[in-house]
Structures are given as C-alpha cells and as structure tokens.
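Peer 1: Take this sequence and fold it.
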Amino acid sequence: MNASQSGQALAARTKSLVAKMTTNPRIQPLLRRVVPTSDRILARLTGGRLHLSDAILPTLILHHTGRKSGHARATPLAHLVDGDRYLVVGSNWGQASHPAWALNITDEPRVEIEVKGRRFPAVANRLTGTDRADAWERMRTLWPSFDTYEVTSGERDIRVFELIPT
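Peer 2: Predicted coordinates:
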C-alpha cells in the first residue's frame with residue numbers, strides 16, 4: 001500500500017467514525033452545539049478558507065436572513081457540487097423539526113454562499129419530486145448518516161435544496 005492509499009484508507013476510517021458519532025444519541029447533542037460554532041470561528045479566522053468539517057465533508061457557509069428577526073445568519077453546511085449548483089440538505093442532525101436556515105431560505109431564497117473564502121450571491125430552490133429524489137441519493141452517497149437522520153426525523157420530509165450562483 002502506497003502513501004496515497006494509506007491516506008485514503010485513514011480518511012475513510014475517520015469519516016466512518018465521525019458518521020457513527022453524529023448519529024449517536026449521547027454524543028450528537030454536544031456535536032450539534034460545538035461543530036457549527038467551531039466551523040464559523042475557524043472560517044472567520046482563515047477568511048473562509050478552512051472549515052473544521054472540511055476534514056470529513058466539503059463545507060460551505062450559507063449566508064441568509066432570519067425570517068423572524070431579519071438578522072444576517074451564517075450557517076456551515078455540507079454540500080455537494082453538482083455542475084453549476086451546490087446541493088445542501090436540511091437534515092438538522094435528524095431532529096423532528098426543520099433547521100431554521102431551511103425555513104429562512106424558503107421565505108427568502110436570495111442568499112450568499114461562501115466556498116473556500118470566496119463569497120457570491122445565489123438563489124436557493126427547494127427540490128421536489130424526482131429532482132429531490134435524485135439529489136437525495138447523491139447526498140446519501142456523500143454522507144451515509146443521512147440514512148439515519150431520515151429515520152430519526154420521524155414523519156418530517158427532509159428538505160433538499162439547490163443553491164444556484166447568480
């Protein structure tokens with residue numbers, strides 16, 4: 001096994017371990033509080049070039065407006081680049097409620113996304129039907145924990161969005 005293969009094997013084992021932690025009901029509440037906050041701090045310190053989550057999943061920062069408060073919000077999200085769009089999932093760590101950001105961008109789809117320190121405007125569209133099913137399958141391949149989140153979220157239909165740069 002060469003160095004590249006060793007590195008890939010280590011990355012796969014690390015991703016598997018982290019995936020198990022994110023679905024563990026004892027550990028998950030702590031991770032829900034610590035990971036997004038840590039991601040925002042590291043991104044701020046590095047001008048958006050680094051994210052804690054990038055070690056496991058590609059991460060972007062979604063800049064959006066709170067639907068009730070009207071305040072600017074910044075949310076780190078796992079994403080998948082799909083052609084000229086970015087796919088994101090409103091899993092909310094498998095909780096029974098939708099994440100606030102998903103509700104915010106449904107009310108106000110004009111957002112900004114920040115990827116590797118580059119920030120640009122985009123429009124958010126909630127995917128439905130076969131578009132949602134196709135994107136969901138791609139996101140499940142990216143992060144297998146989405147399968148568990150789908151079960152633990154109960155009756156909630158986990159929302160999938162495309163972010164299209166404008």
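Peer 1: And the pLDDT for Gln95?
Peer 2: On pLDDT, Gln95 comes in at 79.
Peer 1: That one: what's it in contact with?
Peer 2: Gln95 makes contact with Thr152, Ser153, according to CB atoms under 8 Å, 6 or more residues apart in numbering. C-beta coordinates here come from the backbone N, C-alpha and C atoms, glycine included.
Peer 1: Could you give the backbone dihedrals for it?
Peer 2: The phi/psi pair for Gln95 (degrees, to the nearest 10) reads phi -70, psi 170.
Peer 1: Any figure for the gap between it and Val151?
Peer 2: Here Gln95 is placed at a distance of 12 Å from Val151 (CB to CB, to the nearest Å).
Peer 1: ok, now Ser69?
Peer 2: 32 Å.
Peer 1: same thing with Phe120?
Peer 2: 35 Å.
Peer 1: Please apply the same query to His98.
Peer 2: 16 Å.
Peer 1: what about those two, which has more around it?
Peer 2: Neighbour count, other CB atoms under 10 Å: between His98 and Val151, His98 has more, with 17 against 9.
Peer 1: Local confidence estimate at the closest residue to the more buried one other than its chain neighbours?
Peer 2: Closest residue to His98 apart from its sequence neighbours, by CB to CB, 6 or more residues apart in numbering: Gly90 at 5.6 Å. Looking at Gly90, its pLDDT reads 94.
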